[in-house]
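Trainee: need a structure here:
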Amino acid sequence: MSLPKLTPENIIRSIYTSPVNRHKNNLGLVLDLTYITDNLIVCSYPVMKYPRMFYRNSLKDLVTYLNVHHGSGKWKIFNLKVEICDSDYTDQDILSMMGVGLQHSPIESLRSPRSAVSSQSYALLTKHSKSFGIDMPERSSLSTPVNPKTVLNDVVARRGWVDHFPPPFVLLEEITDEIHEYLSGDSGRVAVVHCKMGKGRSGTVAIAYLMKYRQIPMLESCQLFLTTRFKPGISRGVTIYSQLRYLRYHETFICYDTPYRPQIMEELRRCRFRIDSIEFVNPLGTITRDIIGSACMLGVKIQKYKPHNDGLIDLYSVECDEDKEEFSLVDGKYIILPRTTIDASDIRLCFGLRSRTTEFINSVTKLTSSAYCWLNLYWETVSCSRSLSPTNFLISELDEEIRSNIGQPTFTIKWEDLEGTKGTLNKGLKLFDSLTLYWSLETDPR
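Mentor: Numbering: from 1, shown residues only. Here you go, the predicted model:
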């Protein structure tokens with residue numbers, strides 16, 4: 001096995017990736033790369049530029065390693081990182097490294113410095129590969145036309161969402177199915193999953209795949225990811241409560257017989273909900289009131305993902321002010337009556353302090369207390385059902401049960417179980433003991 005060359009990049013990468021179980025290779029490359037199974041790899045995201053290339057995976061190193069150990073055309077990258085920075089690899093970089101040139105008009109080439117970078121990427125990879133005795137394919141020309149989109153779809157799938165959050169449930173299932181479909185096409189293939197650090201988002205997808213297609217229970221799947229990806233005592237693997245909640249939804253989903261699953265996915269895509277009320281127990285408790293006095297109030301938001309999962313959309317926002325018509329105080333509980341319709345099953349409940357005075361103070365109070373959680377209203381509705389029917393997942397059956405006052409859907413969570421900054425437990429001042437959300441299904445008139 002070749003030892004890594006003592007270059008500044010390799011030294012810094014070795015230190016930076018010390019918490020993970022880094023796969024040793026015989027090429028002398030330092031790569032933050034871990035085999036969860038023999039054909040499922042998790043890594044941190046590869047980059048194209050300095051200074052991040054000092055401590056992140058180099059894309060050319062990653063592609064070289066994959067070509068040597070698994071063969072060209074035997075790997076596919078699943079990119080779960082939706083946020084973009086200057087060092088990230090582009091579709092052009094990937095295509096160039098595969099020997100496919102994007103076709104630009106002369107004017108477009110002059111306007112796009114990235115096309116020049118792509119040519120440099122291919123040249124760098126060719127030089128890099130030859131040092132290991134690997135022949136790169138010739139770049140395609142107009143005389144041998146290649147569809148760039150086809151090549152791109154064969155080697156990279158961009159399925160990202162916001163960091164520290166769970167994926168939309170439908171997206172989670174689509175990604176795991178896509179990984180399985182790709183790996184099933186050839187026993188020699190490997191799927192390479194990365195987000196930013198190869199922890200939360202990558203771990204969520206890797207665990208979901210192990211549960212669904214390796215038939216490994218959730219707890220064992222979490223443990224397998226933890227022990228393969230990280231060194232003992234360094235990390236606890238996937239720890240964000242909302243990501244774990246979505247894995248439990250996934251666990252419920254795969255308990256249904258396979259023929260029912262397409263129906264469930266269809267129900268998920270078309271369901272709509274009406275948020276009836278939110279109740280807070282012991283809002284702004286004694287300690288918090290002593291600190292903030294009467295200058296601040298509880299702020300509540302309901303959000304969903306943007307269409308490309310690269311940000312959030314506010315569906316509902318309110319401050320718990322006694323002058324607000326939708327707000328009331330009953331038996332020491334704050335009760336909000338949003339009465340708003342939501343066209344998404346994946347929602348984020350967000351809580352913080354809001355000032356009664358100026359926007360400047362608002363920006364300060366946001367730092368004092370901020371908490372949130374994600375939930376899927378469809379699966380929470382199913383979990384409240386008391387029906388023993390094998391099709392209790394159908395919206396029509398769920399709605400009938402709710403209208404009969406048999407299975408009123410609710411979701412209760414304690415303050416301690418909410419997430420804070422970057423998915424941690426750092427939430428700041430305690431705003432309430434617990435909350436309960438009540439909702440109903442919005443169905444088409446019969």
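
Trainee: Can you tell me the closest non-neighbouring residue to residue 23?
Mentor: Leaving aside its sequence neighbours, residue 23 sits nearest to residue 33 (C-beta to C-beta, 6 or more residues apart in numbering; 4.9 Å). Every residue, glycine included, has its C-beta placed from N, CA and C.

Trainee: residues touching the one you found, list them.
Mentor: Contacts for residue 33 were tallied using C-beta atoms under 8 Å, 6 or more residues apart in numbering; they are 22-23, 41-43, 57, 62, 65.

Trainee: Out of the residues you listed, which is nearest to residue 298?
Mentor: Checking those against residue 298 with C-beta to C-beta, the nearest one is residue 42 at 39.1 Å.

Trainee: need the contact list for the closest one.
Mentor: Neighbouring residues of residue 42 by C-beta under 8 Å, 6+ apart: 33-34, 36, 192-194, 198, 202-203, 206, 225, 229.

Trainee: Out of the residues you listed, who's the most crowded?
Mentor: residue 206 (30 neighbours; other C-beta atoms under 10 Å).

Trainee: Output the below-cut-off pLDDT ranges for the stretch 151-300 of the chain.
Mentor: For the stretch 151-300 of the chain, applying pLDDT under 70 flags the ranges 285-295.

Trainee: all helices in it, in order from the N-terminus.
Mentor: Using DSSP state H, counting those that start in this stretch, the helices found in the stretch 151-300 of the chain span residues 169-184, 200-213, 218-229, 241-255, 261-270, 286-292.

Trainee: tell me the most buried of the ones you listed?
Mentor: helix 200-213 (a mean of 25; mean count of other C-beta atoms under 10 Å).

Trainee: Quick one: distance of it to the chain centre.
Mentor: Averaging C-alpha positions (C-alpha atoms, centre = their mean, to the nearest Å) puts helix 200-213 11 Å from its chain's average.

Trainee: can you check stretch 373-393 too?
Mentor: Relative to its chain's centre, stretch 373-393 lies at 22 Å (C-alpha atoms, centre = their mean).

Trainee: Pull out the buried residues from it.
Mentor: Going by neighbour count (16 or more other C-beta atoms under 10 Å), the buried part of stretch 373-393 is 373-382, 384-385, 387, 393.

Trainee: So among those, where is pLDDT lowest?
Mentor: pLDDT across the buried residues of stretch 373-393 is lowest for residue 387, at 89.

Trainee: what about the nearest residue to it once chain neighbours are set aside, which SS state?
Mentor: Nearest residue to residue 387, sequence neighbours excluded (C-beta to C-beta, 6+ apart): residue 401, at 5.9 Å. The three-state label given to residue 401 by DSSP: H, G, I helix; E, B strand; the rest coil is helix.

Trainee: mind putting the helices of the stretch 151-300 of the chain in CSV, distance to residue 310 included?
Mentor: What follows is the helices of the stretch 151-300 of the chain, written out as CSV (distance: least, C-beta to C-beta, whole Å):
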stretch, distance to residue 310
helix 169-184, 12
helix 200-213, 13
helix 218-229, 25
helix 241-255, 18
helix 261-270, 20
helix 286-292, 34
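
Trainee: tally of neighbours for residue 38?
Mentor: Counted with other C-beta under 10 Å, residue 38 comes out at 8.

Trainee: Correction: the previous question concerned residue 394.
Mentor: Around residue 394 there are 17 residues (other C-beta under 10 Å).

Trainee: pLDDT at it, what is it?
Mentor: 95.

Trainee: OK, contacts around the closest residue to it other than its chain neighbours?
Mentor: Among residues not flanking residue 394 along the chain, residue 267 sits closest, at 6.5 Å (C-beta to C-beta, 6+ apart). For residue 267, the contacting residues are 378, 393-395, by C-beta under 8 Å, 6+ apart.

Trainee: Equivalent analysis for residue 299, please.
Mentor: 317-320, 351-354.

Trainee: Reformat those residues into a markdown table and put secondary structure next to each item.
Mentor: Listed next are those as a markdown table, based on three-state DSSP:
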| residue | secondary structure |
| --- | --- |
| 317 | strand |
| 318 | strand |
| 319 | strand |
| 320 | coil |
| 351 | strand |
| 352 | strand |
| 353 | strand |
| 354 | strand |
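
Trainee: where's stretch 422-436 relative to the chain centroid, distance-wise?
Mentor: Mean-position distance between stretch 422-436 and its chain equals 21 Å (C-alpha atoms, centre = their mean).

Trainee: got it, and stretch 425-443?
Mentor: 21 Å.

Trainee: Show me what the mean pLDDT comes to for that stretch.
Mentor: Mean pLDDT, stretch 425-443: 92.

Trainee: One more: stretch 347-356?
Mentor: Per-residue scores along stretch 347-356 average to 87.
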